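Peer 1: what follows is a predicted structure for the sequence shown.
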2 protein chains.
Amino acid sequence: MPPRSTPSSYAVLALLDLKPWTGYELTHQAQRSLRYAWPKSERLLYSEPKKLVELGFATVHHETIGNRSRNLYTITEEGRHALHEWTSTRTEPPRFEIEALLRLLFADHGSREDALRVLDELEDDIEGHHQSIVELMGTYLDGGHPFPQRTHLSVLFATFQIEMFKNIERWITFARVEIEEWPSTQDLGMTPRTEALTRLLAQDHSPLNP
Amino acid sequence: MPPRSTPSSYAVLALLDLKPWTGYELTHQAQRSLRYAWPKSERLLYSEPKKLVELGFATVHHETIGNRSRNLYTITEEGRHALHEWTSTRTEPPRFEIEALLRLLFADHGSREDALRVLDELEDDIEGHHQSIVELMGTYLDGGHPFPQRTHLSVLFATFQIEMFKNIERWITFARVEIEEWPSTQDLGMTPRTEALTRLLAQDHSPLNP
DNA sequence: AAATCTATACTGCATTTTGCAGTAGGGTCA
DNA sequence: TGACCCTACTGCAAAATGCAGTATAGATTT
């Protein structure tokens, strides 16, 4: 029985369509470029091209340079066909895994300082992501895009990331002010401030863009 | 060897701290309230309270009503202690799984219509999430919060979701206009429009909030 | 009164994905 | 020449998902 192709298979296949890569390059390229939309483990990314070969969507060439070996994967015509077919299937809904938010929802088990630390940690993570994308856009202007014919797609993609990160950073600033005004993390309930906030949200107004 | 506790164990444990729940109630409550910050499968959520019992963080009471049985889980003192300890561990970085973005990054394998359909599908998913949170805020004003002393936490949490969903919806509108202006999905490269966009992003300016 | 539908209340099993440790060659720099 | 980092993976246990299956109870429809 051949393996089944998952969205991750198509992610790797789409990279292979750009040029042949070695397994090592694929894992690193996929993590660099897809990290914020399709985060997958190195281990999985090593397995995916093997599955593609089994499916007939890629071929592998075992190279040996001196005493070292590596696997170079190349897309096949069937692989290109599969990529095209992929476009007509239904997209999976997005999934947002944000442990920081989980911790904040249950922040009443810790101190105000614990809650503020969670915000700091989230901020660190987001700022790291944010900076590396802004820098990437800089290199597109200087040295150019590695696949210039695809710049329009990469830039639309990057716009999403930057908007999202900016938005989260603004929420963090807002949340920090809120939490700093709490006398404690517990049993505050419906304060006048929280009620005002709830009214805004129930009318689908943004508390951050008044 | 006892099982290890994961962030999902603490998510369930934190729910148990509010009141005792049956396995069935836990799975549904966790999916309703945590879906957008900590999305977990029903199957896992049935397993977690069993692990908590093994760890000594909860006790289980097998009830039989007529011919039906159910498991009622209650947090222990040790469980409360573990929850408190949890607050001093490092938060995992957020993970955003957005297949729609993956497909858009490789939209050159399909037509412009395929790309627009992906945007429509993402919009449907996000709008569903968005609406249910706005409605939840409405019920907080009308019928009140099920755990009133925690309203300040829930509302801060909901603020994040609503800001995020609004932001994504704005990006979808922006992306739709962009894609509609493309003559094709392929080989556009660095159009004047894309270059202007790249310049904005490289300076960390928002193209959506000019 | 019987049939159907929906909610309650789970469990088992195969598959997918992750995390981590382990193995090993090659290049650089002190 | 020893330390350290980059390349280049593999094996295995554990975590998580998806899906099918089992069964009771109450409400609604025919």
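Peer 2: Yes, it's here. Residues are numbered from 1 along each chain as shown, chains lettered A, B, ... in the order given.

Peer 1: going by C-alpha atoms from here, please, whenever you check contacts or count neighbours.
Peer 2: Noted.

Peer 1: doesn't residue A:190 fall inside a helix?
Peer 2: No - per DSSP: H, G, I helix; E, B strand; the rest coil, residue A:190 lies outside any helix segment and is coil.

Peer 1: isn't it right up against residue B:152?
Peer 2: Yes - under the criterion of C-alpha atoms under 8 Å, residue A:190 is in contact with residue B:152, at a separation of 6.2 Å.

Peer 1: could you check which of the two has the larger neighbour count?
Peer 2: When neighbours are counted by other C-alpha atoms under 10 Å in any protein chain shown, residue B:152 comes out ahead of the other of residue A:190 and residue B:152, with 25 against 22.

Peer 1: leaving out chain neighbours, which residue sits closest to that one?
Peer 2: In space, not counting the residues next to it along the chain, residue B:152 is nearest to residue A:189; the distance is 5.3 Å by C-alpha to C-alpha, 6 or more residues apart in numbering or on different chains.

Peer 1: ok, the one you found to DNA strand C distance?
Peer 2: The spacing between residue A:189 and DNA strand C, counted by C-alpha to the nearest atom of the strand, to the nearest Å, is 27 Å.

Peer 1: residues contacting that residue?
Peer 2: B:148, B:149, B:150, B:151, B:152 (C-alpha atoms under 8 Å, 6 or more residues apart in numbering or on different chains).

Peer 1: which of those count as buried?
Peer 2: B:149, B:150, B:151, B:152 (16 or more other C-alpha atoms under 10 Å in any protein chain shown).

Peer 1: show only the entries of the contacts of residue A:189 found in helices.
Peer 2: B:151, B:152 (DSSP state H).

Peer 1: can you list the weak-confidence ranges in chain A?
Peer 2: Residues of chain A that meet the criterion pLDDT under 70 lie in A:1, A:210.

Peer 1: what ranges does it have for its helices?
Peer 2: Listed in chain order, the helices found in chain A under DSSP H are A:7-18, A:23-34, A:42-55, A:77-86, A:99-105, A:112-142, A:151-181, A:192-202.

Peer 1: which of those is buried the deepest?
Peer 2: Ranked by average neighbour count under the criterion mean count of other C-alpha atoms under 10 Å in any protein chain shown, the helices of chain A are headed by helix A:99-105 at a mean of 23.

Peer 1: got the residues of chain A near DNA strand C?
Peer 2: Proximity of chain A to DNA strand C is confined to A:3-8, A:39-41, A:43-44, A:65-68 under the rule C-alpha under 7 Å from any atom of the strand.

Peer 1: make a PyMOL selection of whichever of these turn out to be buried.
Peer 2: The PyMOL command for the buried members of the residues of chain A next to DNA strand C (criterion: 16+ other C-alpha under 10 Å) is given here:
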select buried, chain A and resi 8+39+40
